[in-house]
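Asks: attaching a predicted model along with its sequence, questions to come.
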Amino acid sequence: MILPVLGAREIIKWTPSTRTFRLARTVGLSLTVALAMGHALYTARGYRGRWWASIPRAGAANLRPLVLWAAQHTAPTDVLAVEAESAVYLYTGRHTVPVHTFTVQQYFTPRTAEQEADVISGVLAHYHVDAVAVTTRTVRDATKLLATRTPPLLTPTDTFPGGIVLTPTHR
């Protein structure tokens, strides 16, 4: 909100000498006011709808079983490959690595289970992972592919509500 205010202040202080610049000043000031009003409207709607509360509730419902499983079934020295690795680390103190990578392309085309399996294989090749715990459908399908390969890279060992736990076979 501070940028439109600072911009409007500079536009108001500006005293153009030609008609074209005076028109540009008027247009710039109008756009700045429209931007500020749009931001204020968006903020008011957010407060009215309590938007800040909707995201954590949805995320917490999905993360809670994973975090509880990690806290109750792993040793503090274990390294876990999980989705939401920062939350698992924060709430359990377990060392974590992401089970997938983040790329711009994912916003346009979601990865297939086969592509996710390749990413997980890379994680397993580069890190000493004690367990892989996943919840989303595509990543779960990817771990199942790795568990059915010959030789299998993962072995299913446990479940938790909405998720599956696998252990690397090379351990």
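Replies: Arrived safely, thanks for sending. Nothing here was measured: the structure is a model prediction, and the numbers come from that model. Residues are numbered from 1 along each chain as shown.

Asks: all strands of this structure, in order?
Replies: Along the chain, the stretches classed as strands by DSSP state E are 79-82, 95-98, 131-134, 154-160, 163-168.

Asks: buried stuff in the longest one?
Replies: Buried positions in strand 154-160, judged by neighbour count with 16 or more other Cβ atoms under 10 Å: 154, 160. All C-beta atoms are positioned from the backbone trio N, CA, C, and that covers glycine.

Asks: what pairs with that strand, and is each one parallel or antiparallel?
Replies: strand 163-168 (antiparallel) (DSSP bridges).

Asks: just to revisit the earlier point, which one of the strands of the chain is the most hemmed in?
Replies: strand 131-134 (a mean of 26; mean count of other Cβ atoms under 10 Å).

Asks: who does it touch, helix- and strand-wise?
Replies: helix 51-73, strand 79-82, helix 137-148, strand 154-160, strand 163-168 (3 or more Cβ pairs under 8 Å, 6 or more residues apart in numbering; DSSP states H and E).

Asks: tell me which of the ones you listed sits nearest to residue 97.
Replies: strand 79-82 (5.2 Å; Cβ to Cβ).

Asks: what helices and strands are in contact with the closest one?
Replies: Applying 3+ Cβ pairs under 8 Å, 6+ apart, one finds that strand 79-82 contacts helix 51-73, strand 95-98, helix 113-126, strand 131-134.
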